[in-house]
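J.: All I have is the shape, not the residue letters:
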């Protein structure tokens, strides 16, 4: 059992999706974990103490003063290996971000020394509100882990981001944090590329693909969480380097290829960068001036090196090479052809005709020799965790 003898404190706050925590509790117990439930006043409106206690096999706590008389909030805070807040309402996230402690749940969260995982659930407008985004940013900066939210139909006649992650997704995130599986990739070297490349036209202008680096950086972080030694080769991005990885910053495709080859040998290569296919054949040493009445300059283009194809056929080829296919039409069809053409093992294909580039969510198709897996739309961090787990399974 992957979570044998692990102690989890499950805080349930107010959301109609709270019913899902009963299935989550069942999954955790099947994995060997001991689950102690804490209900907020809002959470108790959707899940009863009796239901949660019956499935967890443990007494459920919901009152600060009763807990003080019986066990004490400090002891509750110190007992678990992990505190999970699911669902985490907008109100609960705000309390956590601002250090409020006006009930049992928030007091435990302020007093605990255990890692904390939150699974947000709220209306789409609330999730997108600047206050909620600021609260999430503050919590993640303090080391709080986030799973979800998902994207889809809400309780209201609306659809969008804000759905509570499915119990299996939350369970998988808990396993990554607590299980010995966190060392599944120990002793493995993973090479990850991320972000765009900038191909100079002159000292001021450049050619680039749209890429924030969020997905590639999330993959590097997820592989590091599973114990891999990660080399991240990143183009110009504004997202911070993930903790625990060796980051190499480059600008052009040729620099990225050189950094990748220098990082070999590797067991895993995930080529998530949006590398520019072309560069200007002759970069101008001075800024190209726009002269009155003159036509636009004609730029002669040259092909950039194909990093994915190069590593797939390299004499020191990584054991598992994974590419990305950013497509705007016939996504799966083009990705299948790209996998065969490049010689890589897997391709993650996504439709970038929407707001994927720079957005927080992604919907991908995993193409392997065995066929096509259609993954649901989820946060980029969840895509990264799922991919890292698949990699660990593939490498045994």
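T.: That came through fine. Computed from a prediction, not measured in an experiment: that's the story for all the values here.

J.: Give the next helix or strand downstream of the helix or strand bottoming out on mean pLDDT in the chain.
T.: Ranked by mean pLDDT, DSSP states H and E, the helix or strand of the chain with the weakest confidence is helix 64-70, at a mean of 63. If you walk from helix 64-70 toward the C-terminus, the next helix or strand you reach (DSSP states H and E) is helix 73-78.

J.: Domain map for the protein?
T.: Taking automatic domain parsing as the domain assignment, the record places the domains of the chain at 7-180, 184-395.

J.: Below-threshold pLDDT in the stretch 251-396 of the chain: ranges please.
T.: Of all residues in the stretch 251-396 of the chain, those with pLDDT under 70 make up the ranges 354-358.

J.: which residue ranges form the helices in it?
T.: 253-263, 307-312, 331-342, 380-395 (DSSP state H, counting those that start in this stretch).

J.: Ok, the stretch 1-150 of the chain next?
T.: In the stretch 1-150 of the chain, helices defined by DSSP H, counting those that start in this stretch lie at 20-30, 49-56, 64-70, 73-78, 90-98, 104-111, 124-128, 130-141, listed in chain order.

J.: Of the ones you listed, which is nearest residue 366?
T.: Each of those was scored for nearness to residue 366 using Cβ to Cβ, and the closest is helix 20-30 (23.1 Å). C-beta here means a position set from N, CA and C on the backbone, and glycine is covered the same way.

J.: what's next to that closest one, contact-wise?
T.: Applying Cβ atoms under 8 Å, 6 or more residues apart in numbering, the external contacts of helix 20-30 come out as 1, 3, 8, 10, 12, 35, 37, 47, 51-52, 55-57, 86-87, 164, 166-168, 170-171, 174.

J.: Check stretch 303-319 too.
T.: Stretch 303-319 is touched from outside by 191, 193, 197, 199, 252-254, 256-257, 260-261, 264-269, 271, 273, 275-279, 321, 323, 341-344, 395, with contacts defined as Cβ under 8 Å, 6+ apart.

J.: For ChimeraX, write the select line for the buried members of those.
T.: Applying 16 or more other Cβ atoms under 10 Å to the contacts of stretch 303-319, the buried members can be selected in ChimeraX as follows:
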select :191,193,197,199,252,253,256,257,260,264,266,267,268,269,271,273,275,276,279,321,323,342,343,344
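
J.: which ones are touching residue 122?
T.: Taking Cβ under 8 Å, 6+ apart as the criterion, residue 122 is in contact with 15, 89, 90, 132, 149, 162.

J.: Tell me how far it lies from residue 129.
T.: To residue 129, residue 122 is 9 Å away according to Cβ to Cβ, to the nearest Å.

J.: sorry, back to before: JSON lines please, covering the helices of the stretch 1-150 of the chain and showing mean neighbour count and distance to residue 374.
T.: Listed next are the helices of the stretch 1-150 of the chain as JSON lines, based on neighbours: other Cβ atoms under 10 Å; distance: least, Cβ to Cβ, whole Å:
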{"stretch": "helix 20-30", "mean neighbour count": "21", "distance to residue 374": "22"}
{"stretch": "helix 49-56", "mean neighbour count": "17", "distance to residue 374": "31"}
{"stretch": "helix 64-70", "mean neighbour count": "13", "distance to residue 374": "45"}
{"stretch": "helix 73-78", "mean neighbour count": "18", "distance to residue 374": "41"}
{"stretch": "helix 90-98", "mean neighbour count": "20", "distance to residue 374": "31"}
{"stretch": "helix 104-111", "mean neighbour count": "22", "distance to residue 374": "37"}
{"stretch": "helix 124-128", "mean neighbour count": "16", "distance to residue 374": "23"}
{"stretch": "helix 130-141", "mean neighbour count": "14", "distance to residue 374": "28"}
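
J.: Those: lowest mean pLDDT?
T.: With a mean of 63, helix 64-70 has the lowest mean pLDDT of those.

J.: re earlier: identify whichever of the helices of the stretch 251-396 of the chain lies nearest to residue 63.
T.: Evaluated over these, closeness to residue 63 peaks at helix 380-395, with 34.1 Å, by Cβ to Cβ.
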